[in-house]
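# Curious how this folds, go ahead:
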Amino acid sequence: MNSNNYQIILENYPHKPKIELVLGDITNQKLDVIVNAANEQLLLGAGVAGAIRRKGGSQIQEECKNIGYTPVGEVAVTSAGELKDVKYIFHAVGPKYHSYSPNEADILLRDTISNSLKKLIELNLSSIAFPAISTGIFGFPLKRAAKNIIMEILDYLTNSPKQIHVCICLFKEEDYSIFYQVLQDKLVEN
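Here you go, the predicted structure:
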């Protein structure tokens, strides 16, 4: 792996979707949707949420306050504020790893990914960038999260009603390396 940007078109999938791994700042992606790793109260704190708040402006937090609450596994939608190359922010609430059994946490994380992709299709959009949801202060083990996120994306893409571009944008090189290896392993299995 020499690059910090890896793309593959899944030729054996209906509609030939594209998966991309990127090392960088998710707020620099030029896609329809950026996914925020949100908390249930939709408060934009640190990490991905902080970057979105800083670059997208206070309007996004105001829209989140108007929504108020989103349960674990679900997604709230706001505008992208001042992020001009993005149409929407999806605030996806992943699980706090130690609040559930490992199996329950896996299911909830996969629900978060699946519900984000369903919302993308519902809004007739075609490109989305995910961070490593739940791996920061929510404590989800990185490799376990990578397996769940990638498995859910691949499962969803097998039945996607249209061609979509899914980006997984990772801020740390270590995270990128783990996601890259998990993706390679899953592609070999399929």
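# Where does pLDDT dip in this protein?
1-3, 190 (pLDDT under 70).
# For it, which segments count as helices?
Ranges of helices within the chain are 47-56, 58-67, 102-122, 142-158, 173-189, based on DSSP state H.
# Are there helices or strands packed against the second one, and which ones?
In other words, helix 58-67. helix 47-56, strand 75-79, strand 88-93 (3 or more C-beta pairs under 8 Å, 6 or more residues apart in numbering; DSSP states H and E). Where C-beta positions appear, they are placed from N, C-alpha and C, glycine not excepted.
# quick one on the thing from earlier: can you check which of the helices of the chain gets nearest to Lys87?
Across the helices of the chain, Lys87 has its closest neighbour in helix 102-122 (10.4 Å, C-beta to C-beta).
# Give me the contact list for that closest one.
Applying C-beta atoms under 8 Å, 6 or more residues apart in numbering, the contact partners of helix 102-122 are 32-33, 35, 72-75, 77, 90, 92-95, 97, 99-100, 126, 128, 130, 133-134, 140, 144-145, 148-149, 151-153, 155-156, 160-162, 164, 166.
# Could you check the angle that helix makes with helix 142-158?
Between the axes of helix 102-122 and helix 142-158, defined by axes from the mean of the first three to the mean of the last three C-alpha atoms, to 10 degrees, the angle is 40 degrees.
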